[in-house]
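Student: model this:
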Amino acid sequence: MLLFKPDTVLRWHRELVRRKWTFRREKPSGRSPVAAELEELIVLLATENPRWGYSKIQGELLKLGYSVSRSSVRNVLKRRQIPPSPQRKKRGTTWRSFLGHYASQMIACDFFTVETMRLQTLYVLFFIELGTRRVHFAGCTPRPMSEWVTQQARQLTWTLQDKEEQEERQPVRFLIHDRDEIPNSPLRSTQCSPRKASRRCSLPIGAPKRTRLPK
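Tutor: Numbers count the residues shown, from 1 in each chain. Presented below is the predicted three-dimensional model:
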């Protein structure tokens, strides 16, 4: 005669119920959803490179270590209401895209004014490399005439040429500046949007303007 405890009988019953009513869950079919970080990267590549199609974006993502299908790239852009490459080309090249491609070959310049202790106004000329955000203060003068501006620009050119040879980087080819009237200045021959120039040069001048310069 075999005797069992009540707990043993109940455990056997629970096991029988579990075996009868438990089914194997099938894995969900289809591709896994695109991560939010990867989706933002797809949108960024598409907006900054209007000539890139779905396959090109897929290839660039693969170089960065992201494995994603062409259809997933298409679905993400469609969901974000970003048109295909042929339609994005018609919008033209944006300033963001242009500056992103040639930032290492661009330099911007501008003036700002400071007051000395004797209330004399000085004009400070500075240049900023768009690729590295490195600022070069060329000098200051109470009268920014053409000869003075030309000499400061020439000296900066020599400095940049030496750094280009040492660091083996691309030479600076483009100058961005606004349309300030400088008598007989050679910089007036360069065409540029003043809004873009002021936006690029407005950040690095805060600290020098807060410093009182002696006469």
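Student: in this structure, what secondary structure element scores lowest on mean pLDDT?
Tutor: Counting by mean pLDDT, DSSP states H and E, the weakest-scoring helix or strand in the chain turns out to be helix 194-201, with a mean of 47.
Student: does the residue most central in space within the chain count as helix, strand or coil?
Tutor: Geometric centre of the chain, nearest residue: residue 100, 6.9 Å, by CA atoms, centre = their mean. At residue 100, secondary structure determined by DSSP: H, G, I helix; E, B strand; the rest coil is helix.
Student: Now the biggest helix by length in the chain: buried residues?
Tutor: When secondary structure is assigned using DSSP state H, the longest helix within the chain turns out to be helix 146-167. Applying a neighbour-count criterion of 16 or more other CB atoms under 10 Å, the buried positions in helix 146-167 are 148, 149, 152, 153, 156, 160. Heads up, the C-betas are built off the backbone N, CA and C, glycines and all.
Student: Tell me where the chain has helices.
Tutor: Under DSSP H, the chain gives helices at 6-21, 36-48, 54-63, 70-79, 85-89, 95-102, 146-167, 194-201, 206-210.
Student: angle of the fourth one against helix 36-48?
Tutor: To tie it back to what came earlier, the one meant is helix 70-79. On the basis of axes from the mean of the first three to the mean of the last three CA atoms, to 10 degrees, helix 70-79 is oriented at 70 degrees to helix 36-48.
Student: Check the first one too.
Tutor: Per the same axes, to 10 degrees, the angle that helix 6-21 makes with helix 36-48 is 30 degrees.
Student: Repeat that for the longest one.
Tutor: Angle of helix 146-167 versus helix 36-48, following the same axes, to 10 degrees, is 130 degrees.
Student: Let me see the mean pLDDT of helix 146-167.
Tutor: Per-residue pLDDT over helix 146-167 has a mean of 85.
Student: Pipe the helices of the chain into a markdown table and attach distance to residue 116 per row.
Tutor: Compiled in a markdown table, the helices of the chain are given as follows (distance: least, CB to CB, whole Å):
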| stretch | distance to residue 116 |
| --- | --- |
| helix 6-21 | 88 |
| helix 36-48 | 44 |
| helix 54-63 | 53 |
| helix 70-79 | 56 |
| helix 85-89 | 52 |
| helix 95-102 | 35 |
| helix 146-167 | 18 |
| helix 194-201 | 22 |
| helix 206-210 | 13 |
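Student: show me the contacts for residue 38.
Tutor: With contacts taken as CB atoms under 8 Å, 6 or more residues apart in numbering, residue 38 has the following neighbours: 61, 66, 68.
Student: PyMOL command for the buried members of those residues?
Tutor: A single PyMOL command is used to select the members of the contacts of residue 38 judged buried by 16+ other CB under 10 Å:
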select buried, resi 61+68
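Student: ok, of the contacts of residue 38, which one's closest to residue 17?
Tutor: Nearest to residue 17 among the contacts of residue 38, counting by CB to CB, is residue 68 at 44.3 Å.
Student: tell me the contacts of the closest residue to that closest one other than its chain neighbours?
Tutor: Take residue 68 and drop its neighbours on the chain: the residue closest to it by CB to CB, 6 or more residues apart in numbering is residue 61, 5.5 Å away. For residue 61, the contacting residues are 38, 41, 42, 45, 67, 68, 73, by CB under 8 Å, 6+ apart.
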